[in-house]
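Colleague: Here's a sequence, model it:
(one chain, ligands or ions: 1)
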Amino acid sequence: MKKIVIVGQGGHSKVITDIILAYNEYLIYAVLDDKFDKPIQKDHIIYGPISYAESLSKEQEIFFTIAIGDNGVRRKISRTLENIGAQFAILKHPTAVISRSAVIGRGSVIMPNCVINSDTIIGEHVIINSGAVIEHDNKINNYAHVSPRAVMAGNVYVGEGSQVGAGATIIPNTKIGSWSIVGAGATVIRDVPSNVTVVGVPAQIIK
Ligand SMILES: CC(=O)SCCNC(=O)CCNC(=O)[C@H](O)C(C)(C)COP(=O)(O)OP(=O)(O)OC[C@H]1O[C@@H](n2cnc3c(N)ncnc32)[C@H](O)[C@@H]1OP(=O)(O)O
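Modeller: So this is what the prediction gives:
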């Protein structure tokens, strides 16, 4: 079995652990978080600070997953790990329904009960959270997060680092810029620029 290192030990990390355990592809080898000051071993798992990734990355057949929900922090850590040559796992819960023509980038996580339809492209280090529906021909860029039960209709574009809140709906042919936030429950009916927050039905910019 391939070894996996989970970076981050918060709520998001618990769900990622369940996804790893749902498959027999990876063995949880280490959990890294800066709440640990030095590496220790417990129940056959190494717990240590994130800086310990450098020694772990030199081992054979070892993969990393960044189990941190904050998109900016995930980007920062991914860059640090890339610089030390880390390889990233793609994690897909067995209940997710994913089209054969969909493409999923390294480091991305597809949570339980998601649907990802034809010709959709999911970038790197993206989170598609529980029960989200990503219809055909979407492009979800690096470090984005589609929260639980959000619905992206056909041909939606989500820019780098943006978060689509829980239960939000984006109508077809709509573009969300980079590092924007769509509030929980919003319905987006027109393009959203970069670096803004939108809420409501229909969604309006509040920040
Ligand atoms: C497993 C997981 O948990 S995955 C994580 C899923 N997370 C989410 O879905 C969170 C999505 N986040 C939200 O919806 C947040 O409320 C945000 C980001 C839209 C706004 O948060 P903040 O920037 O802190 O704004 P704040 O709470 O100050 O609200 C600003 C105004 O917008 C309103 N507002 C905030 N969120 C929403 C919303 N989702 N829908 C409608 N109105 C909203 C507030 O009532 C407030 O209105 P007021 O000025 O008239 O009082």
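Colleague: Phi, psi for the residue most central in space within the chain please.
Modeller: In the chain, the centroid-proximal residue (CA atoms, centre = their mean) is Ile127; its distance is 2.1 Å. When read as degrees, to the nearest 10, the backbone of Ile127 gives phi -110, psi 120.
Colleague: Leaving out sequence neighbours, find the closest residue to it.
Modeller: Among residues not flanking Ile127 along the chain, His145 sits closest, at 4.4 Å (CB to CB, 6 or more residues apart in numbering). (Each C-beta comes from the backbone N, C-alpha and C, glycine too.)
Colleague: Roughly how far does the one you found sit from the ligand?
Modeller: 7 Å (CB to the nearest ligand atom, to the nearest Å).
Colleague: so that residue touches His125, yeah?
Modeller: No - taking CB atoms under 8 Å as the contact criterion, His145 and His125 are not neighbours in contact, 9.6 Å apart.
Colleague: check contacts around Gln41.
Modeller: Residues in contact with Gln41, defined by CB atoms under 8 Å, 6 or more residues apart in numbering, are Tyr47.
Colleague: Let's test this: mean pLDDT of the helix or strand containing it, rounded?
Modeller: Under the criterion of DSSP states H and E, Gln41 resides in strand 40-42. Taken as a whole, strand 40-42 carries a mean pLDDT of 97.
Colleague: Mean confidence (pLDDT) on stretch 168-177, please.
Modeller: Stretch 168-177 comes out at a mean pLDDT of 98.
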